[in-house]
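# Here is my input; please provide its structure:
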Amino acid sequence: MNVEQLSAFLAPYLTSTKPKAWYSFREAFIAHYARNAASKPLIFDYVAATVLKIMFLECPDLEDLITRAREVTQQPRAAPRDPLLFLAPPESDTDDDTESDTDSSVSDESEHLPVHTPETPNDFNKRFISMVNDIFGPLDRQDALDRFDSITFDTASKNVYESMLYYTLIYQRTLENCASVPPKQSSLVAKFLKGIRNDRLRERCKTFEDKSSIANTMRAALSQAKKMQQAEKESHKSRKKDVNDRSYAHDFLAATVEDVNHRSVPRSAEHSLTCPFLREGLGSERHDQIRDTLAKLLRGHPWRVRVEHWLGRGSEWTVDRTKRVKARADLLLTRPGHTEPVVLDVVVSNHASASMRSKKEQYANWNVRVIPVVVRQSGGVGAVHGRGWTDEMRDVLGLDAETVGQIADAVMMACMRQQVHVFHAFMRQADAAHRQAEANGLNH
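Numbering: from 1, shown residues only. Sure, this is the predicted structure:
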């Protein structure tokens, strides 16, 4: 692969005389130059000839600059020096004093000669960019100020600090493009603050504005946006703790209005763990904890373990590819030499028979061995006719009884750890519902 040709092919190229096209090209070239500094590219080599001619009309010095750059960069390199030239010169017949006087005079003259620094491609690029910036610069201060009208503050983003970072970045870039004719600072500060679409943030920024410095105003705006984002994050955490109580208290009251006597709801440990009004996601957290525990313990054995693996029509084990069905296996276990993979699917339920039947029907379209890991609410192994998932692990995975027993114990502990959270959430939501019922004058 010819890296230089590939780099030249991927480099930016300017084919327009519009200011926005130049600014975009300039930034892209600087990034390209940073990646290919060793090749020392010249920026005007990536500008269309027609565009250069238009630039020459506006700034004739550009043509002289390019001519000079080509002369310097295309000079042939000096040939390697002959090692024999480094030998000491033959002794001269001249008098030593005369030679010493001559050397000292030459040395004195060399001390007064100006030191010439060779021009590099980077020097020419900087001068070219500066001269073209002047071409595309604003006509006057009002024209410079008008260029900021198109900059908008992103109100769709939920992160106000990121929106402010991008807003100030675009302002800074536009300001650099107006370097030759900068707008009046006070007018620019007013426009910057007016463009902040978040009313609350705009008022906070106005409190710390510096009418004489856009830089200070932008610095203060970033600080206020960061503080506002931090406050919003803390507020979100606080709201998240209470939103479920309010939501499920509302559902509780709605059920009461529909003549459902909530006092008839069985107050049992099992109901507290399976209540349909429990905060959404608690069941998933319990399920995921058990799944991750199994994955961790099984990874130490010859089976390859994949977590949350999708099976679809394109899977290698699909039976009927015309069926538009798919399933996500909690754990998919494969092993070299075994053509039939094993699927472990976790479900927390006291109805082992129905759960096992449902899981096996779910994977009927794939040639896989399904082991429904039915875990009872108590953390025990769900079994049918005395046979549960631990027995199938011994038979199918070839695990010994001691290992299977350790896995069952770990699953029980994982389940019970999450059950504590579920029970606690149920108590909080029930208390909130009762308080709301009392506030509405309902008898409970």
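# Least confident secondary structure element in this structure?
Among the helices and strands of the chain, helix 96-111 carries the lowest confidence by mean pLDDT, DSSP states H and E, at a mean of 49.
# Helix or strand next in line after it, which one?
helix 121-135 (DSSP states H and E).
# what sits up against the helix or strand just after that following helix?
Following helix 121-135 in sequence order, the next helix or strand is helix 141-146 (DSSP H and E). Contact with helix 141-146 is made by 138, 178, 181-184, 187-188, 191, as judged by Cβ atoms under 8 Å, 6 or more residues apart in numbering. C-beta coordinates here come from the backbone N, C-alpha and C atoms, glycine included.
# Give the buried residues for helix 141-146.
Buried residues in helix 141-146, counting neighbours by 16 or more other Cβ atoms under 10 Å, are found at 144-145.
# Figure out how far it is from the centre of its chain.
36 Å (Cα atoms, centre = their mean, to the nearest Å).
# what does stretch 215-222 give?
Centroid displacement of stretch 215-222 relative to its chain, using Cα atoms, centre = their mean, is 25 Å.
# List the buried residues for that stretch?
For stretch 215-222, burial by neighbour count (16+ other Cβ under 10 Å) applies to 217-218, 220-222.
# Likewise for stretch 331-351?
Neighbour-count burial for stretch 331-351 flags 331-334, 341-349 (criterion: 16+ other Cβ under 10 Å).
# what about it, average pLDDT?
Throughout stretch 331-351, pLDDT has a mean value of 87.
# Touching it from outside, list them.
Under Cβ under 8 Å, 6+ apart, the answer for stretch 331-351 is 270, 283, 286-287, 290-291, 294-295, 298, 302-307, 309, 311, 317, 329-330, 355, 359, 362-363, 367-377, 382, 389, 396-397, 415.
# Quote the end-to-end distance of it.
Using Cα to Cα, to the nearest Å, one end of stretch 331-351 lies 21 Å from the other.
# What is the distance between it and the centre of its chain?
The answer for stretch 331-351 is 33 Å, by Cα atoms, centre = their mean.
# what's the farthest-apart pair in the buried residues of stretch 331-351?
Greatest spacing in the buried residues of stretch 331-351, by Cβ to Cβ: T334 and S349 (27.1 Å).
# Now flag whichever of the buried residues of stretch 215-222 is closest to D64.
Comparing the buried residues of stretch 215-222 against D64 with Cβ to Cβ places M218 closest, at 38.5 Å.
# What sits closest to that closest one if chain neighbours are left out?
With sequence-adjacent residues excluded and distances taken as Cβ to Cβ, 6 or more residues apart in numbering, M218 is closest to T168, at 4.6 Å.
# The stretch 201-350 of the chain: strands as residue ranges?
Ranges of strands in the stretch 201-350 of the chain, per DSSP state E, counting those that start in this stretch, are 304-311, 327-334, 342-348.
# want to throw these into a markdown table with distance to D149?
Converted to a markdown table, the strands of the stretch 201-350 of the chain look like this (distance: least, Cβ to Cβ, whole Å):
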| stretch | distance to D149 |
| --- | --- |
| strand 304-311 | 49 |
| strand 327-334 | 50 |
| strand 342-348 | 57 |
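# of all the ones you listed, which lies closest to I30?
Across the strands of the stretch 201-350 of the chain, I30 has its closest neighbour in strand 304-311 (43.0 Å, Cβ to Cβ).
# so how far is P182 from the closest residue to S16 other than its chain neighbours?
Closest residue in space to S16, ignoring its immediate chain neighbours: V51 at 7.1 Å, by Cβ to Cβ, 6+ apart. Using Cβ to Cβ, to the nearest Å, we find V51 at a distance of 26 Å from P182.
# Between these two, tell me which one has more neighbours.
Each of V51 and P182 has its neighbours counted (other Cβ atoms under 10 Å); V51 has more, 19 against 16.
# Could you tell me the model confidence score at the residue nearest in space to the middle of the chain?
Nearest residue to the geometric centre of the chain (Cα atoms, centre = their mean): E162, 12.1 Å. Looking at E162, its pLDDT is 91.
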